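**Student:** Just a sequence and a predicted model for now, questions to come.
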Amino acid sequence: MNQRYRPITRLGLGGTGLGDMYHTTSDEAAMTTVDAAWEAGIRYFDTAPHYGAGLSEHRFGQALRRRKREEFTLSTKVGRLLVPHGPGEIAAPFVGSLPFKRVLDYTADGVRRAVEDSLQRLALGHIDIVYVHDLSPDALPQAEFEHHFGIAAGRNGAFEGLVKLREEGVIKGWGMGVNTIEPCMRALQQSDPDIFLLAGRYTLMETTPLQEFFPLCEARGASVVIGGPFNSGFLAGGEHYDYQPAKPEQHALRERLRKVAAEHGVDLPAAALQFGLAHPVVAATIPGASSPQHLKRNAALMDVQIPAAFWEALLAEGLLPQEAPIPPRKPVV
């Protein structure tokens, strides 16, 4: 089996914040955030046309075009074409927009045009990874999901188009960029994806991918990038889980995790960030950040020493399944 492409660094920067998710971010703040990421050693950057209707891509391009292209990994997404539309379509949770609106297109022609359009917005020479974005039953009504998935997986669909773009050397790898496991499983069964961006499903709160998805990835040589390692900020102290107000049972589980963390003197956000990377199929994790302060904190959390006894306590109390790989202790330099 050919070695499939993986991001250059294990910690990446997610691009929702640069697309004005929840609040406006200035161009200057976006630039300094990317610069801070670079200074922290991060070399993987993820964006999408959906994030601010091109705003995130445009800002990443401005910040990254001064860097040597071979020194970083860049991923973006397809499935939504942007067409001119003044003054710009505002689509929650984004509060900003370039003068475009989004049009769904999961055809081979559509993904080729989307990649070409993204290259123009980024003003960069190539994109490393392309994810099929939000082709998932949580993002679309079930009937619409099935309709669009049928197009993507069918003849002259997105999957076929992305395999061809990979063969042509336009991209290095492709997969799904979603919040649910089902479309990833189906893509693996029906096509030849390389890497998945799966948000919020393999965290200290949820480990469902261990059952079928991760073993199938291992068998096929595919890897996974973890998005939303804090479950929309919940494990970092927020009150939202998967972009919705957290439920009582989610609060109760977090309290149990906090209790074990306190007993072992562990910073729970650090454990949340490091946990997923212990699994061999996980190539990177990409928490979002819209300011240099957020970015520097995430980078620092990756280096926090977490005692093995903490992970063993989570296993012993059933807070993690026995088959979950736990992070090794970092050597003290």
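**Tutor:** Here it is on my side, so go on.

**Student:** which element follows the helix or strand hosting Glu144 toward the C-terminus?
**Tutor:** Here Glu144 sits within helix 142-153, counting by DSSP states H and E. Following helix 142-153 in sequence order, the next helix or strand is helix 158-167 (DSSP H and E).

**Student:** Which elements pack onto that following helix?
**Tutor:** Applying 3 or more C-beta pairs under 8 Å, 6 or more residues apart in numbering; DSSP states H and E, we find helix 158-167 packed against helix 108-122, strand 129-133, helix 142-153, strand 173-178. (C-beta placed from N, C-alpha, C; glycine too.)

**Student:** Contacts for the second one, please.
**Tutor:** Going back to what we said before, that points to strand 129-133. Contacts made with strand 129-133 from outside it, assessed by C-beta atoms under 8 Å, 6 or more residues apart in numbering, are listed as 5, 7, 48-50, 73-80, 106, 111, 115, 152, 158-159, 162, 165, 171-178, 187, 194-197.

**Student:** And for stretch 239-252?
**Tutor:** Contact with stretch 239-252 is made by 93, 179, 200, 205, 228, 231-234, 254, as judged by C-beta under 8 Å, 6+ apart.

**Student:** do the same with stretch 305-317
**Tutor:** Stretch 305-317 is contacted from outside by 204, 256-257, 260-261, 263-266, 270-271, 274, 320-322, 324, 326-327, 329-330, 332, using C-beta under 8 Å, 6+ apart.

**Student:** Outside of stretch 288-295 itself, list whatever touches it.
**Tutor:** 13-18, 21, 23, 25, 29-30, 32-33, 35-37, 40, 42, 298.

**Student:** where exactly do the helices run in the stretch 151-300 of the chain?
**Tutor:** Remark: helices assigned in the stretch 151-300 of the chain by DSSP state H, counting those that start in this stretch are 158-167, 182-190, 213-220, 248-263, 268-275, 292-301.

**Student:** on that earlier part again, same question for the helix holding Glu144: list its buried residues.
**Tutor:** 145, 148-149, 151-153 (16 or more other C-beta atoms under 10 Å).

**Student:** what do you get for stretch 180-190?
**Tutor:** Using 16+ other C-beta under 10 Å as the test for burial, stretch 180-190 gives 180-181, 183-185, 187-188.

**Student:** what sits against the nearest residue to Ser223 once chain neighbours are set aside?
**Tutor:** Counting by C-beta to C-beta, 6 or more residues apart in numbering, Ala283 is the residue found nearest to Ser223 once chain neighbours are left out, at 4.0 Å. With contact set as C-beta under 8 Å, 6+ apart, Ala283 has these partners: 6-7, 10, 195, 223-225.

**Student:** hmm, try it at 7 Å
**Tutor:** 6-7, 195, 223-225 (C-beta atoms under 7 Å, 6 or more residues apart in numbering).

**Student:** Which two of these have the greatest separation?
**Tutor:** Spatial extent of those (C-beta to C-beta) is set by the pair Pro7 and Val224 at 11.0 Å.

**Student:** which residues does the residue most central in space within the chain bridge with?
**Tutor:** Per C-alpha atoms, centre = their mean, the C-alpha nearest to the average position across the chain is that of Gly227, at 3.4 Å. For Gly227, the beta-bridge partners under DSSP bridges are Ala199, Ile286.

**Student:** Quick one: residues contacting it.
**Tutor:** 14, 197-200, 286.
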